[in-house]
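S.K.: coords please:
(chains A and B)
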Amino acid sequence: GAGVSQSPRYKVAKRGQDVALRCDPISGHVSLFWYQQALGQGPEFLTYFQNEAQLDKSGLPSDRFFAERPEGSVSTLKIQRTQQEDSAVYLCASSLAAGTGLNEQFFGPGTRLTVL
Amino acid sequence: AQTVTQSQPEMSVQEAETVTLSCTYDTSESDYYLFWYKQPPSRQMILVIRQEAYKQQNATENRFSVNFQKAAKSFSLKISDSQLGDAAMYFCAYRSAYNNDMRFGAGTRLTVKP
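M.R.: Next up is the predicted model:
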């Protein structure tokens, strides 16, 4: 398919483990976003990439969260030493154009992370 | 910081009827964009409709339309001729024209009764 894909779809981690969540954006999309969606809440912005450059990481909740997009396509969100409060659905979205504006963001299905 | 408020956690509508979902936001900016996203159960979030703040004309997309009241900072979504497939969580979102941070409301769960 041509949509945004994420893997794994479900991840269970023991507290203290490191996890890596992958996002494959739509081919050719310049912008890539990560969001965290807690149960019963709306998504909350984590970070934004324009190509390989991470231009905004203001939403990352702690230094345990790290994101990269080394070649300007696939992105990985890494969470170190996971805590129970990290349990959430992590959404990835991409958009064709760079910068701000009315650009539509296309969302992936998300990765549901459960930290025990 | 900008906030988005959806005051209706749940709404229901009879099939073929019309329903309006409420959204208000708080901002000091003059240039921004507003969106309604639909998130069906266990499915991906999709864009329903979007509005540029500098446009006075309300956006419409087939059965979906908005009532944008800039002074009141209100952005409601009207769904006409509701269909069973409209059942989903609906999120209102605000995006500044000056950064990439999109703010979402807590969502409204819409049920469509046959």
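S.K.: can you list the residues of chain A near chain B?
M.R.: A:3-4, A:31, A:33, A:40-45, A:48, A:55-56, A:58-59, A:91, A:93, A:99-102, A:104-105, A:107-110 (CB under 8 Å from any CB of the partner chain). Every residue, glycine included, has its C-beta placed from N, CA and C.
S.K.: if we use 6 Å, what do you get?
M.R.: Contact residues, chain A versus chain B (CB under 6 Å from any CB of the partner chain): A:Gln41, A:Gly42, A:Pro43, A:Phe45, A:Tyr48, A:Asp56, A:Thr100, A:Leu102, A:Glu104, A:Phe107, A:Pro109.
S.K.: is it true that the second one lies in a strand?
M.R.: When you say that, I think you mean A:Gly42. No. Looking at A:Gly42 with DSSP: H, G, I helix; E, B strand; the rest coil, it is coil, so not inside a strand.
S.K.: ok, for it, nearest residue in space, not its chain neighbours?
M.R.: Of all residues beyond its chain neighbours, the one nearest A:Gly42 is B:Phe104 (3.2 Å), with distances taken as CB to CB, 6 or more residues apart in numbering or on different chains.
S.K.: how about that neighbour, what does it touch?
M.R.: Listed by CB atoms under 6 Å, 6 or more residues apart in numbering or on different chains, the contact set of B:Phe104 reads A:Gly42, A:Pro43, B:Phe91, B:Ala93.
S.K.: try 7 Å this time
M.R.: B:Phe104 is in contact with A:Gly42, A:Pro43, B:Val4, B:Phe91, B:Ala93, counting by CB atoms under 7 Å, 6 or more residues apart in numbering or on different chains.
S.K.: picking up where we left off before, top of the residues of chain A next to chain B by number of neighbours, please.
M.R.: A:Pro43 (27 neighbours; other CB atoms under 10 Å in any protein chain shown).
S.K.: distance check, that residue against B:Glu17.
M.R.: Distance of A:Pro43 to B:Glu17, computed by CB to CB, to the nearest Å: 29 Å.
S.K.: tell me what the residue of chain B found nearest chain A is bridged to.
M.R.: Distances between chain B and chain A by CB to the nearest CB are smallest at B:Phe104, namely 3.2 Å. Using DSSP bridges, the bridge partners assigned to B:Phe104 are B:Ala93.
S.K.: and residue 20, what pLDDT?
M.R.: No chain was given, so I picked chain A. What the model reports for A:Ala20 is a pLDDT of 98.
S.K.: my question was about chain B
M.R.: So B:Thr20 comes in at 98 (pLDDT).
S.K.: okay, and the beta partners of it?
M.R.: Applying DSSP bridges to B:Thr20 gives these bridge partners: B:Lys78.
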